[in-house]
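Asker: how would this look folded up:
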Amino acid sequence: MKYLLLMSLFALAGCSSHQALLFEQSDAHALQSASEFHVKPVKIDVSVDPRWEIEKSDWDQKLREWSSAYMEELVKSKGRRCYELAPGTASSSGAIIELQVLDLEIGHHSLFSYAPAKLFGMLTITDAKSGRLIYRAKAKGETTGAGYEAYTTGGRVKFALLDVARAVLTEVGNEKP
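Answerer: Next comes the predicted model:
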């Protein structure tokens, strides 16, 4: 009986969730009436920490990989139409999703301990025609569901970004207006 109770407590502790988007400002009607979303590449405004497992020479490639995974999660979602918006291009319809990462902790994995990657940033959604801000939130992502990729720095950060992408999909709704 003690074993069953202890396992139940561990299961509850492991199922705790966090809020990935901390709402600041929203025009719910404009957000829900957007027919399509254009996703900009993620801006990661952090410097490489010398203690990280990433060589400075590999940093730019990692940034591209993480941004690509984030955008792919949104673009391949079912329901709402999300499109990739290449840097330097503009859209005249729908809404534009932009994520800027301001702080990043890459976490770690070793034989005896594990810490997930955590990121903090700002997420904005603007009307493509007018440029008017229709949604703004603080974004907090944490490695969740990474599986074997949790063993790697790149995998932990990737899944922290996917955590934010999934929160975006929840926020904008998964149905076409």
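Asker: drop to CA atoms for contacts and neighbour counts, all remaining ones
Answerer: Fine.
Asker: how about the helices in the protein?
Answerer: Listed in chain order, the helices of the chain (DSSP state H) span 2-14, 28-33, 56-75, 153-172.
Asker: most packed of these?
Answerer: Of all the helices of the chain, helix 153-172 carries the top mean neighbour count, a mean of 22, counting by mean count of other C-alpha atoms under 10 Å.
Asker: returning to that earlier point: how about the helices of the chain in CSV, adding distance to residue 106 and mean pLDDT?
Answerer: Shown next, in CSV, are the helices of the chain (distance: least, C-alpha to C-alpha, whole Å; pLDDT from 0 to 100):
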stretch, distance to residue 106, mean pLDDT
helix 2-14, 20, 38
helix 28-33, 32, 85
helix 56-75, 12, 90
helix 153-172, 6, 89
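Asker: Throw those into CSV and include distance to residue 43, thanks.
Answerer: Listed next are these as CSV, based on distance: least, C-alpha to C-alpha, whole Å:
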stretch, distance to residue 43
helix 2-14, 31
helix 28-33, 22
helix 56-75, 8
helix 153-172, 11
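Asker: Thought residue 156 was touching residue 149, still the case?
Answerer: Yes. Between residue 149 and residue 156 a contact is recorded at 6.5 Å, counting by C-alpha atoms under 8 Å.
Asker: Which one of the helices of the chain lies nearest to residue 42?
Answerer: helix 56-75 (5.1 Å; C-alpha to C-alpha).
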